[in-house]
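Trainee: kindly generate the corresponding structure for this input.
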Amino acid sequence: MDQADKIIKNLNLIPHPEGGFFSQTYLDDEDFKLERKIASVIYFLLKYDQYSHWHKVDATEYWFWHAGSPLSLTVSPDGHDASSVQLGPNVLIGQNPHFVVKKNWWQTAVSMGEWSLVSCVVTPAFTFDGFELAEEHWRPIPRK
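Mentor: Next comes the predicted model:
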């Protein structure tokens, strides 16, 4: 099995009618009335000594890894339970090229090396009115 076939298997890709292989990894189940732009996109780079502070956004955020070291993204849907994923190029060891953070989920990120470059797509578009930064030492509190 060659590298491409391993990736097809690992990502559960199926043939696409126009050629190639695909899998739909996310379909938002929420309808919204447009009171702001449809989407916004940023490049976001974290160096080894930086991290994205805990925060949440009132819209769905899609993270896409581009270059550098893998990035650890930790999310908490409710401020209690938290889980982490690695964004990176090596799907054969469990890294993800992209990840979806649902609206109002707490999130934080850190580079796992010298630096990580990602893109973040927010739908509907990001606004600072819909952004909440957690207090400095806030962390999700696990349920007992």
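Trainee: what strands line up against the lowest-mean-pLDDT helix or strand in the chain, and which way round?
Mentor: Here the helix or strand of the chain ranked lowest by mean pLDDT, DSSP states H and E is strand 21-22, holding a mean of 80. Counting by DSSP bridges, the strands paired with strand 21-22 are strand 14-15 (antiparallel).
Trainee: pLDDT on the strand it pairs with, on average?
Mentor: Taken as a whole, strand 14-15 has an average pLDDT of 90.
Trainee: need the distance between the two termini of stretch 106-116.
Mentor: Start-to-end span of stretch 106-116 (CA to CA, to the nearest Å) is 20 Å.
Trainee: I meant to write stretch 39-55 there.
Mentor: Across its full length, stretch 39-55 reaches 19 Å between end residues, using CA to CA.
Trainee: pull out the buried positions in it.
Mentor: When burial is assessed from 16 or more other CB atoms under 10 Å, stretch 39-55 yields the following buried residues: 40, 46, 52, 54. C-beta here means a position set from N, CA and C on the backbone, and glycine is covered the same way.
Trainee: check stretch 126-142 too.
Mentor: Judged by neighbour count (16+ other CB under 10 Å), stretch 126-142 contains these buried residues: 126, 130, 134, 140.
Trainee: please apply the same query to stretch 7-21.
Mentor: Burial within stretch 7-21, assessed by neighbour count using 16+ other CB under 10 Å, is assigned to 8, 11.
Trainee: list of residues touching it?
Mentor: Counting by CB atoms under 8 Å, 6 or more residues apart in numbering, stretch 7-21 makes contact with 1, 22-23, 91-92, all of which sit outside it.
Trainee: and stretch 79-92, what's its mean pLDDT?
Mentor: For stretch 79-92, mean pLDDT is 95.
Trainee: may I see the buried residues of that stretch?
Mentor: Buried residues in stretch 79-92, counted by 16+ other CB under 10 Å: 79, 82, 85-88.
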